[in-house]
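1. Sequence plus predicted model, see below.
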There are 2 protein chains.
Amino acid sequence: MAEQVNNKQIVLKDYVNGFPKESDMLLKASNTISLKLPHGSNGVLVKNLYLSCDPYMRTRMNKIDPGYVTSFTPGSPIIGYGVAKVLDSGHSNFKNGDFVWGITGWEEYSIINDPENLFKIEHTDVPLSYYTGILGMPGMTAYVGFYEICAPKKGEYVFVSAASGAVGQLVGQFAKLSGCYVVGSAGTQEKVDLLKNKFGFDEAFNYKEEKDLNAALKRYFPDGIDIYFENVGGAMLEAVLSNMRVNGRIAACGMISQYNDQGDGVHNLFHIVTKSLRMQGFIVFHHYHLYPKYLDMVIPLIKDGTISYIEDIAEGLESAPTALVGLFSGKNVGKQVVVVARE
Amino acid sequence: MAEQVNNKQIVLKDYVNGFPKESDMLLKASNTISLKLPHGSNGVLVKNLYLSCDPYMRTRMNKIDPGYVTSFTPGSPIIGYGVAKVLDSGHSNFKNGDFVWGITGWEEYSIINDPENLFKIEHTDVPLSYYTGILGMPGMTAYVGFYEICAPKKGEYVFVSAASGAVGQLVGQFAKLSGCYVVGSAGTQEKVDLLKNKFGFDEAFNYKEEKDLNAALKRYFPDGIDIYFENVGGAMLEAVLSNMRVNGRIAACGMISQYNDQGDGVHNLFHIVTKSLRMQGFIVFHHYHLYPKYLDMVIPLIKDGTISYIEDIAEGLESAPTALVGLFSGKNVGKQVVVVARE
């Protein structure tokens, strides 16, 4: 009989209404696990290293019909993207010592029964934590949403909301690489400074200090907006619609303002008709076949410093609930990562 | 000096707030016109036969910035699509006796200074009034919106709002020709009967008798909606978003509920993200290069009775204000046309 080790977990207590609180989650310290897979398993047993805090996870805290995502299971660990190290493998694609990224549990060790959905990490000469962000799902979200959905042209005017987040910081830099003019919005002066000084946005503003978002957008886009990378929804979307140009494109990547409550209605969708706008949602994992192409593009840009990337690191599994909850009040500066272990 | 004849006109008195009223327009009987073009004109002088009442005209009654459309000029005749006969031509594309359709004035005779934008009517073995509808702008709107924007596949579930109108009745029939299941909504029992019995919709319902649009759509689309042809906006759009299927498409053709006031907000745009929806506006005159292809398709279908088409005919120029205003309370059954003269 294999040795049992302690396996701390972060468990969702029950479905959540409104803004999530740390007390909606629980550190469960009593769980144990064997570090050998059960005989005959086709899965992998992994040690979790880095966990990703992503806004979409809020929807999994609701009791929802299966669809986009499934609900978390109250009493079971939170699940989400992470980077892990294979300790035991029953699957021919993986061997002990491999690093992988994909969906795992918020716990020290996980058994993953569908390892076909994991990505094996081939490039280990970049920080492994990057596979929760720029080299993982958020990076692919920025890439697919900007290049595939928005089809940018040189000289176009691009606006990014929630611009200092994991996805937004990349979209802004992709826009500059494409010869676009790009403005970002964020919720603190610190983030605004980062957008301009670190990520190379042409302009940035603190949406919390703008009484009139419509007027703010007119100030930064006197000729209107061609591309909007939508991360927030609600009042910001309404202001953007008023400032879109004919044949504009809106990549609907997320609507963080709408996750916790129904939020404000959008009253001016008529602009979609009058300006021939295209507003398109997308689910990034439908586009994962493009991942190798994306890596070929982005890894050299990371290595030569063309692309900057900022992470907000929370230390220890026990810090994960605070880190996740902080996303919804904008506490994180850059990609929110939780370090469970570094190797 | 050429003979002057009387030229009655329908004039917009002033910009309109809220629902338009007949009293916002005026029959001006005192105007006269020469039936010869001024010497050196490159335009055409036409006798107007049929005038088209279209929902988009409401927006031209506002004082608006140039863009989608320009404002009407208070004190001048309403302008809109119509069918006319050329009485005098200074342009090599047109000669006396030609029938044309395109933008003209709400008056008995008009001088059109940019005849390049007129379509010469080649097929005169169908009713000329059809060129205000099925063979004109609304027909092209249905064609472009359904085939180009929605890209229907056999077996898909299609919903059409304002379905008995000029555009909706065609979209429903195109959907059936494409092997789709199609449901329409309209505002009277008479229209609902038409949709089912005349236009071949699989089902139809009176939205005014449904307390809960979401429940109504769930009843008709237990498996959800793939394609929504959007003509109304507001509460209907919100209910539709809740019932769309993954990878659904919404052609945003018009939002008649939003033309007269700002209307209800839409609170559930998050479905665009979670279901990978594409919502796309379009301006039909950007697609007029497809008109010959459309005629090749639709004229045989009209002649052999495959496609049905219903007009609501108002007699005489003086009836035009009532006819136009009636669009916004749904008085018309089928395409609203005003007959100024029959030849």
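-> In hand now; what should we look at?

2. The longest helix anywhere in chain A packs against which elements?
-> In chain A, taking DSSP state H as the definition, the longest helix is helix A:291-303. Packing partners of helix A:291-303 (3 or more CB pairs under 8 Å, 6 or more residues apart in numbering or on different chains; DSSP states H and E): helix A:137-143. Backbone N, C-alpha and C define where each C-beta goes, glycine included.

3. What lies in contact with the helix it packs on?
-> With CB atoms under 8 Å, 6 or more residues apart in numbering or on different chains as the test, helix A:137-143 has contacts from A:52, A:54, A:81, A:132-133, A:165-168, A:170-171, A:174, A:253, A:284-285, A:287-288, A:290-291, A:294, A:297-298, A:335.

4. And these, which of them are buried?
-> A:52, A:54, A:81, A:132-133, A:165-168, A:170-171, A:174, A:253, A:284, A:287, A:291, A:294, A:298, A:335 (16 or more other CB atoms under 10 Å in any protein chain shown).

5. Show me those residues that map onto strands.
-> Those of those mapping onto strands are A:52, A:81, A:335, per DSSP state E.

6. I'd guessed the second one sits against A:Tyr56; true?
-> Spelled out, it's A:Tyr81. No - in this structure, A:Tyr81 is not within contact of A:Tyr56 by CB atoms under 8 Å, at 9.9 Å.

7. Kindly export the longest helix of chain A (C-alpha atoms) in PDB.
-> Extracted in PDB, the C-alpha atoms of helix A:291-303 (Å, rounded to 0.1, in the frame of the first residue of the first chain):
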ATOM      1  CA  TYR A 291      -1.900  27.100 -29.700                       C
ATOM      2  CA  PRO A 292       1.300  25.900 -31.400                       C
ATOM      3  CA  LYS A 293       1.100  28.800 -33.900                       C
ATOM      4  CA  TYR A 294       0.600  31.200 -30.900                       C
ATOM      5  CA  LEU A 295       3.600  29.800 -29.100                       C
ATOM      6  CA  ASP A 296       5.800  30.200 -32.200                       C
ATOM      7  CA  MET A 297       4.800  33.900 -32.300                       C
ATOM      8  CA  VAL A 298       4.900  34.800 -28.600                       C
ATOM      9  CA  ILE A 299       7.900  32.900 -27.100                       C
ATOM     10  CA  PRO A 300      10.500  34.800 -29.100                       C
ATOM     11  CA  LEU A 301       8.700  38.100 -28.200                       C
ATOM     12  CA  ILE A 302       8.900  37.200 -24.500                       C
ATOM     13  CA  LYS A 303      12.500  36.200 -24.700                       C
END
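
8. contact partners of it?
-> Contacts for helix A:291-303 (CB under 8 Å, 6+ apart): A:119, A:123, A:125-126, A:130, A:134-135, A:139-140, A:143, A:177, A:306-307, A:309.

9. Could you identify which of those has the most neighbours?
-> Using other CB atoms under 10 Å in any protein chain shown as the neighbour test, the contacts of helix A:291-303 are led by A:Ile134, with 30 neighbours.

10. just checking, that one touches A:Lys335?
-> Yes - A:Ile134 lies in contact with A:Lys335 (CB under 8 Å); the separation is 7.4 Å.

11. show me where pLDDT drops low in the stretch 1-150 of chain A?
-> A:1-2, A:65-68 (pLDDT under 70).

12. got it, and the stretch 201-343 of chain A?
-> Using pLDDT under 70, the stretch 201-343 of chain A drops low at A:255-263.

13. quick one, strands of it?
-> Secondary structure of the stretch 201-343 of chain A (DSSP state E, counting those that start in this stretch): strands located at A:203-206, A:225-230, A:244-252, A:278-281, A:311-315, A:335-339.

14. Which positions within the third one qualify as buried?
-> Taking 16+ other CB under 10 Å as the neighbour-count basis, strand A:244-252 is seen to contain the buried residues A:244-245, A:248-252.

15. Residues contacting that strand from elsewhere in the structure, which ones?
-> Residues from elsewhere that reach strand A:244-252 (CB under 8 Å, 6+ apart): A:145-146, A:149-151, A:157, A:223-230, A:237, A:240, A:271, A:275-282, B:67, B:269, B:272-273, B:283.
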